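>>> Build me a model:
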Amino acid sequence: MNGVPASGARCSSLYGVRIASHWPLPPELAPAADGAPDITIHARIPPAALAEVAEALRTHPSDGGWYLQRPLASGGTYLCWTGLFDFVVSADGEDVYSRPLADGAYESFHTYLLNQVLSFALLCRGVEPLHSTTVVVEGRGVGFLGDCGYGKSSLGAAFLRAGHRLLTDDLLVVEERPGGWIGHPGPGRMKLFPEMADHFFGPGAPRVPMNGGTPKAVLRIPERSMHRDPAPLAALVFLHPASGGEDGVRLDRITARDAFVGLTTNTFNDLLRGPERLRQHLFWASRVSSAVPVWRLSYPRDLAVVPRVVERVARLAAR
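Residues are numbered from 1 along each chain as shown. Predicted structure coming up:
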């Protein structure tokens, strides 16, 4: 991996937690407030953890795939992207140990570290992340949810093109405050397929391939297009592929019951399934679905329709 570990851990604020890292993190991340870090990212995997990894792989060998996840005897988790990098997340979520396996771009390393890997640490700390791209319209957040391939990031890019800002792409952490629920900012990155990146950011926009298994690329988002403070949530919007409505765009409010079901299936991380995590997840989903307006959106997969979608959804922020 390009670069070397930082000589001292830099403490940044991300997803509402303080993260100290011995690897250089994206420089645009906001500095954390004073206090001990919630999560520390280490630039090596200690021998004791490597011994645990070896035992876990002996008991449950790799199936040869490019991604590997194994529980460890200590209660932690081992994560590996074959040929790229691997990580050990401690059982309490306070420590993430990392090791590059080959040279590569930092954008790819950051993409996996700052969402998939951190999601395990967040869950261990009792924080439930959503699989969402979230934009900010007139100071209020609107989060898009849906299965992979439903166009969350592409719709988020359309909002940026219309002059709105990005709160986070891919992983959203929400928190209940006295005035309601807020969404925390994520890194200034988006993952897009080439045709969407070209359409919304231009063919010359710099990008870095994620890995050899997908055509998606990582794009850095200009600082002027990022919202760096927590934003009150105006709405969560589930994307559906079918079209509807007279102009091809349909936006319907759904019940708290349907919202609860949707939220339980749109967790960012469904790999941790122990009883304690499931209780935590169901309690969290019930709280969010009863307090935040949730909508269902469908529209034709036609770029000519997208500006009307942006206009329609943006009205939710003014409600």
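>>> I'd guessed residue 192 sits against residue 216; true?
Yes - counting by C-beta atoms under 8 Å, residue 216 is a contact partner of residue 192 at 6.5 Å. All C-beta atoms are positioned from the backbone trio N, CA, C, and that covers glycine.
>>> out of the two, which sits in the more crowded spot?
residue 192 (23 against 19; other C-beta atoms under 10 Å).
>>> helices or strands next to the strand or helix carrying residue 195 in the packing?
Assigned by DSSP states H and E, residue 195 belongs to helix 194-201. Secondary-structure packing of helix 194-201 (3 or more C-beta pairs under 8 Å, 6 or more residues apart in numbering; DSSP states H and E): helix 152-161, strand 217-220.
>>> Beyond that helix, next helix or strand please.
Next element after helix 194-201 (DSSP H and E): strand 208-209.
>>> Would you mind putting the CA coordinates of the helix holding residue 195 into PDB?
Output of helix 194-201 as PDB, limited to C-alpha atoms (Å, rounded to 0.1, in the frame of the first residue of the first chain):
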ATOM      1  CA  PRO A 194     -18.300   4.200 -14.800                       C
ATOM      2  CA  GLU A 195     -21.400   5.400 -16.800                       C
ATOM      3  CA  MET A 196     -22.900   7.000 -13.700                       C
ATOM      4  CA  ALA A 197     -19.500   8.600 -12.800                       C
ATOM      5  CA  ASP A 198     -19.200  10.000 -16.300                       C
ATOM      6  CA  HIS A 199     -22.700  11.300 -16.400                       C
ATOM      7  CA  PHE A 200     -22.700  13.100 -13.000                       C
ATOM      8  CA  PHE A 201     -19.100  14.100 -12.600                       C
END
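>>> Could you number the chain from 27 rather than 1 from now on?
With 27 as the first residue, the last one maps to helix 220-227.
>>> Report the distance from that helix to the chain centre.
Taking the mean of its C-alpha atoms, helix 220-227 sits 20 Å from the chain's own mean (C-alpha atoms, centre = their mean, to the nearest Å).
>>> Go through that helix and flag the buried ones.
222, 223, 225, 226, 227 (16 or more other C-beta atoms under 10 Å).
>>> Reformat the residues you listed as a markdown table; add distance to residue 107.
Converted to a markdown table, those look like this (distance: C-beta to C-beta, whole Å):
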| residue | distance to residue 107 |
| --- | --- |
| 222 | 23 |
| 223 | 22 |
| 225 | 28 |
| 226 | 27 |
| 227 | 26 |
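>>> Please list the residues outside the helix or strand harbouring residue 158 that contact it.
Assigned by DSSP H and E, residue 158 belongs to strand 155-163. Contact with strand 155-163 is made by 41, 145, 148-149, 167-171, 178-179, 181-182, 185-186, 190-200, 209, 216, 253, 257, 260, 262, 289, 292-295, 340, 342-343, as judged by C-beta atoms under 8 Å, 6 or more residues apart in numbering.
>>> 7 Å instead, please
145, 148, 167-171, 178-179, 182, 185, 190-200, 209, 253, 257, 292-295, 340, 343 (C-beta atoms under 7 Å, 6 or more residues apart in numbering).
>>> which of those count as buried?
145, 148, 167-171, 178-179, 182, 185, 190-200, 209, 253, 257, 292-295, 340, 343.
>>> now the helices for the protein?
73-85, 132-137, 144-150, 178-187, 220-227, 282-291, 301-317, 332-340 (DSSP state H).
>>> Quick one: mean pLDDT over the shortest one.
When pLDDT is averaged over helix 132-137, the result is 78.
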